[in-house]
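1. pasting the structure only:
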C-alpha cells in the first residue's frame with residue numbers, strides 16, 4: 001500500500017514537471033526516511049522518473065540507490081534477484097516501452113549489486129545498457 005503523502009508528492013511533482021533539491025529533501029527525509037519498503041512505492045517512483053520531463057541528476061541518483069537497496073536487500077531472498085522479482089523489475093522499469101536512462105542505470109546497478117540475478121533481469125539490463133551506450137532512445141520498446 002502506498003502512503004497517501006507519497007502519492008500526493010508524486011502528483012505534485014508530475015504536475016510541476018520538475019523535481020527540485022528541496023523536493024528531494026522532503027522525499028528522503030520525510031516521506032521515505034527508511035527507504036522504499038514496498039513495491040508500490042518503487043513503482044510510483046519509477047513512474048515519476050518517466051513523468052518528469054526535466055530530469056534532476058540528484059533525483060536520478062536517489063532513485064537508483066533507493067531501488068537497488070530495496071530490490072537487492074529489502075526483497076527476499078536477500079541479495080538475490082529471483083525470477084519473480086526480475087519480471088516485476090523489468091516490467092516496472094520498462095513500462096512496455098523500454099526504460100528511461102535512469103531505469104537502465106537501475107537495472108544495471110541491481111545486477112552488479114546482487115549476488116545473483118535471474119536471467120530475465122540480466123538480459124533486460126544488458127539490452128538497456130547497450131541502447132544507452134549506442135545513444136538509442138531508451139524510451140522506445142526494447143526488442144525481446
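-> Yep, that arrived. In this text the structure is predicted, and so the values were computed from the model without any measurement.
2. ranges for the helices of this protein?
-> For the chain, applying DSSP state H gives helices covering 4-16, 21-25, 39-51, 57-68, 83-94, 101-113, 119-133.
3. so what's the residue nearest in space to the middle of the chain closest to, chain neighbours aside?
-> Per CA atoms, centre = their mean, the C-alpha nearest to the average position across the chain is that of residue 46, at 4.3 Å. Nearest residue to residue 46, sequence neighbours excluded (CB to CB, 6 or more residues apart in numbering): residue 92, at 5.2 Å. From N, CA and C alone the C-beta is placed, and that goes for glycine too.
4. what's the answer for residue 66, then?
-> Once flanking residues are discounted, residue 66 sits nearest to residue 36: 5.2 Å by CB to CB, 6+ apart.
5. neighbours of the residue nearest to residue 9 when sequence neighbours are not counted, just the number please.
-> Distances taken as CB to CB, 6+ apart put residue 31 closest to residue 9, at 5.8 Å, once the chain neighbours are dropped. Neighbour count for residue 31, taken as other CB atoms under 10 Å: 16.
6. for residue 76, same thing?
-> Neighbour number of residue 76 under other CB under 10 Å is 8.
7. how close does it sit to residue 124?
-> According to CB to CB, to the nearest Å, residue 76 stands 21 Å off from residue 124.
8. Poorly predicted segments of the protein, please.
-> Along the chain, segments meeting pLDDT under 70 span 1-2, 136-144.
9. Please look at residue 51 and residue 14 and confirm they touch.
-> Yes - Residue 51 is in contact with residue 14 according to CB atoms under 8 Å; the separation is 4.3 Å.
10. Show me which of the two is the more surrounded one.
-> Higher neighbour count among residue 51 and residue 14: residue 14, with 16 against 13, using other CB under 10 Å.
11. Pull the contacting residues for the more buried one.
-> 48, 51, 52 (CB atoms under 8 Å, 6 or more residues apart in numbering).
12. need the contact list for residue 117.
-> Under the criterion of CB under 8 Å, 6+ apart, the neighbours of residue 117 are 80, 81, 86, 110, 111.
13. Please tell me how far it sits from residue 68.
-> Going from residue 117 to residue 68 by CB to CB gives 12 Å.
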